[in-house]
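Asks: model this:
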Amino acid sequence: MEELVKKRFPFFESALREAISKNGIVKTFHTGEELIREDQFIRAFPIVLKGLIKVCRTDQEGNELLLYYLKPGEVCTVSLTCCMDRTRSRVKAIAEEPSEAILLTVELIDSWITQYQTWKEFVMHAMKMRFDELLNTLDSIAFMKMDDRLVRFFSDRFKTTGLKIYKGSHQDIALSLNTSREVISRLLKEMERKKMIRISRNRIDYSMLCD
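Replies: Model prediction:
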């Protein structure tokens, strides 16, 4: 595992890479599989190696709100916070595509922050990124119309992942934006009419929005 860790995290101290290799467990997740469930105590936190992870919140009726994506080399800072405070998770993390992550136990966090400078910098940088993304999410909910939020959904996905194709249903997008499938389908058809996207079955090409 050490070579894998070195390739993904060349900026980590060699001692930290050795500690991750020694203590981490590599696990594969299928599309749709949960890494973290809401309301669970987190005993291990994931660092993404491959794939794409969606982090979101749901209400009592099952409505979902997308918070951010995790791509290779990133860690879920909400899970880190829950680990530090020993509190239950308030988010869930789901594999958007076949993914791989290193799982590390919560007991390592505190000691590593004081022991390894590059780990401290890594965690602080991740928290700043997630905080900025959460502010963008709040801004879009509070100040943007749904059609603008939909455009932003695709453009943010491209900025985060580099992907120009969305593989999923209209219902999946509706859940992420906390609205109805009918609204999303209507807006997508309008975007296609304006040649902003191309729609096929469970596939949306939004490359025109990425130029």
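Asks: where do the domain boundaries of this protein fall?
Replies: 2-141, 145-209 (automatic domain parsing).
Asks: any chance of JSON lines for those domains, columns mean pLDDT and mean neighbour count?
Replies: Where C-beta positions appear, they are placed from N, C-alpha and C, glycine not excepted. As requested, the domains of the chain are exported to JSON lines (pLDDT from 0 to 100; neighbours: other C-beta atoms under 10 Å):
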{"stretch": "domain 2-141", "mean pLDDT": "87", "mean neighbour count": "16"}
{"stretch": "domain 145-209", "mean pLDDT": "90", "mean neighbour count": "16"}
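Asks: residue boundaries of the helices in the chain?
Replies: Assigned by DSSP state H, the helices in the chain fall at 2-8, 14-23, 77-85, 108-115, 117-143, 146-161, 170-176, 181-193.
Asks: just the angle between the last one and helix 146-161, please?
Replies: Read it as helix 181-193. 80 degrees (axes from the mean of the first three to the mean of the last three C-alpha atoms, to 10 degrees).
Asks: residue nearest the centroid of the chain?
Replies: Closest to where the C-alpha atoms of the chain average out (C-alpha atoms, centre = their mean) is Y69, at 2.2 Å.
Asks: quick one: contacts for that one?
Replies: Listed by C-beta atoms under 8 Å, 6 or more residues apart in numbering, the contact set of Y69 reads 52-55, 96, 157, 160-161.
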